[in-house]
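*Asks:* got a predicted model here, sequence first, then my questions.
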Amino acid sequence: MKRILFFFLLLPALASAQTAKDTVNVLTDAEITAGTLVDSVKMYYIQGSAWKKSRMDSLAAYMVTKNGAGVTTGDKGDITVNSATSWSIDAGVIDSTKIAAGAVQTSDLADNAVSAGKIAAGAVTTAKLADSAVDSAKIAALAVQTSDIADNAVTTAKVLNGAITKAKHAANSVGALELDTTAVTAGSYVNPRITVDADGRLTAAVSDTMAMIIACSDETSNLTTGNAKVTFRAPFAFTILGLRANVNTAPTGSTIIVDINEAGSTIMTTNKLSIDASEKTSVTAATAAGITDSAIADDAEMTIDIDQIGSTAAGKGLKVTILYRKN
């Protein structure tokens, strides 16, 4: 680059000045670019045939910018002169060390200017993320591993319905504490009647009542009183839940009264099993049977007595039903 030497004559400020050859035109502050001259110390110099005044820094700017005079085009190191009025900064000249902290704001960045390749590993910390800035669409499949999830970070509200399938359960991960309480009461059920839903879950269970029906006469003969009209042995231990009696011909005049014994002792101490006059079933009896011994032992000898029959019409075809649950 050529060097241009300027020679300056420093003179005190003049109200007017004149040389033998040239006229000194004194410039007012208003004639100098606004803000360029801020004090009274000025430098006078000849430009062409006229005197000028300025500060040193203004003159330096003039030397560089005045139509590019004295500066040729081409690479000048960190800059390239394209023309008298167009200069450019070479690529790579401005690196991160030349940018002051906080100098680049969000408004200085073009949309999509910062790609993933320009972000150093670990540069984006939690503190730099706005609330809710990372949604599911921005997370790659399988990007979040178990080690990336803090303890208790996944709550029930964050799990979609149906999101946790059987395949996502570890072996033996579902225990009694994870199962909802059902309406089924814990316990043992004999001859159970159960309800199961479509997923195989038990939703109801009861011990069903069983029944044994014993004929105490034929179907056509009038009933007669007497002990041990029927004798049989208990097939297993059971608990009596209820008793019933019925006939095919109703008694009249008075009720039919029936007693049941276990090993010779009545199981109804006070109120016996009865069928009221003009009725065919004990279900409608005015006085229900009172069971005082409901626990029947296995192989116990059982007898049925007819203590009373109808006084006008005896009744016919007597059957006794024992409702029970096997022990």
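*Replies:* Structure's in. What do you need? Residues are numbered from 1 along each chain as shown.

*Asks:* only C-alpha atoms from now on, for both contacts and neighbour counts.
*Replies:* Fine.

*Asks:* below-threshold pLDDT in the stretch 151-300 of the chain: ranges please.
*Replies:* Within the stretch 151-300 of the chain, no range satisfies pLDDT under 70.

*Asks:* how is this protein partitioned into domains?
*Replies:* 1-87, 210-326 (automatic domain parsing).

*Asks:* state the mean pLDDT of the shortest one.
*Replies:* The reference is to domain 1-87. Per-residue pLDDT over domain 1-87 has a mean of 55.

*Asks:* and if you look at stretch 315-327?
*Replies:* For stretch 315-327, mean pLDDT rounds to 96.

*Asks:* give the buried residues for that stretch.
*Replies:* Buried residues in stretch 315-327, counted by 16 or more other Cα atoms under 10 Å: 315-320, 322-326.

*Asks:* output that stretch in PDB with nothing but the alpha carbons.
*Replies:* Listed next in PDB are the C-alpha coordinates belonging to stretch 315-327 (Å, rounded to 0.1, in the frame of the first residue of the first chain):
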ATOM      1  CA  GLY A 315    -102.900 -83.400  53.600                       C
ATOM      2  CA  LYS A 316    -101.000 -85.500  51.100                       C
ATOM      3  CA  GLY A 317     -97.600 -85.700  49.400                       C
ATOM      4  CA  LEU A 318     -95.300 -84.200  52.100                       C
ATOM      5  CA  LYS A 319     -91.700 -83.200  51.200                       C
ATOM      6  CA  VAL A 320     -89.100 -81.500  53.400                       C
ATOM      7  CA  THR A 321     -86.400 -79.300  51.800                       C
ATOM      8  CA  ILE A 322     -83.100 -78.600  53.700                       C
ATOM      9  CA  LEU A 323     -81.200 -75.600  52.500                       C
ATOM     10  CA  TYR A 324     -77.500 -75.900  53.400                       C
ATOM     11  CA  ARG A 325     -73.800 -75.000  52.800                       C
ATOM     12  CA  LYS A 326     -71.200 -77.700  52.700                       C
ATOM     13  CA  ASN A 327     -68.600 -77.200  55.400                       C
END
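
*Asks:* off-centre distance for it?
*Replies:* How far stretch 315-327 lies from its chain's middle: 57 Å, per Cα atoms, centre = their mean, to the nearest Å.
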